[in-house]
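Asker: requesting a structural model of the entry that follows:
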Amino acid sequence: MAYTNSEISQLLQKQAALDTAIAEAREKETRLALIEMVQKMREYDISLHELMGRKLGEPAAALPKYRDPVTGATWSGRGREPQWIAGLDRNQFLTSRGNTDGAIQPALFQQAR
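Answerer: Now for the predicted structure:
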């Protein structure tokens, strides 16, 4: 929108200049914070895995341990249990990761529902 009042135009130009200066200052501060973090990690021999709260060799995301044979939905066993497994025997939903024979037991699933 073009304003005819020169005072408003000047203020808008100053605002644009300030917005640019603020963005540059934030970017510089972020870079300095990252540099400081990397220096501290090196100083204290902290690995990226430790920083992320994981042990070396541990996968980033939990692998699915349970599978719903009807929908194919999976659950790692962590966090709130999904509705399809709530109140049922979890052993019948084990995937090959959690089940010794590697198969879901559909007969038990049908009995449970």
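Asker: quick check: domain ranges of this protein?
Answerer: Domain assignment for the chain, taken from automatic domain parsing, gives 6-51, 61-113.
Asker: save these as TSV, and put in mean neighbour count too.
Answerer: The way it works is simple: take the backbone N, C-alpha and C, and place the C-beta from them, glycine included. What follows is those, written out as TSV (neighbours: other C-beta atoms under 10 Å):
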stretch	mean neighbour count
domain 6-51	10
domain 61-113	13
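Asker: least reliable of those domains going by mean pLDDT?
Answerer: Here the lowest mean pLDDT among these goes to domain 61-113, at a mean of 76.
Asker: for residue 41, list the residues it contacts.
Answerer: Residue 41 makes contact with 47, 48, 51, according to C-beta atoms under 8 Å, 6 or more residues apart in numbering.
Asker: which among those residues gets closest to residue 12?
Answerer: residue 51 (43.2 Å; C-beta to C-beta).
Asker: how about that closest one: what's its closest non-neighbour residue?
Answerer: residue 41 (6.7 Å; C-beta to C-beta, 6 or more residues apart in numbering).
Asker: which residue lies nearest the spatial centre of the protein?
Answerer: residue 61 (8.9 Å; C-alpha atoms, centre = their mean).
Asker: do you know how far it is from residue 86?
Answerer: 22 Å (C-beta to C-beta, to the nearest Å).
Asker: what does residue 73 give?
Answerer: Separation of residue 73 from residue 86 (C-beta to C-beta): 13 Å.
Asker: phi, psi for residue 81 please.
Answerer: phi -70, psi 140 (degrees, to the nearest 10).
Asker: residues in contact with the closest residue to it other than its chain neighbours?
Answerer: Spatially, and ignoring its direct neighbours in sequence, residue 81 is nearest to residue 75 (6.8 Å; C-beta to C-beta, 6+ apart). Contacts here follow C-beta under 8 Å, 6+ apart; on that basis residue 75 touches 64, 65, 66, 67, 81, 82, 85, 93.
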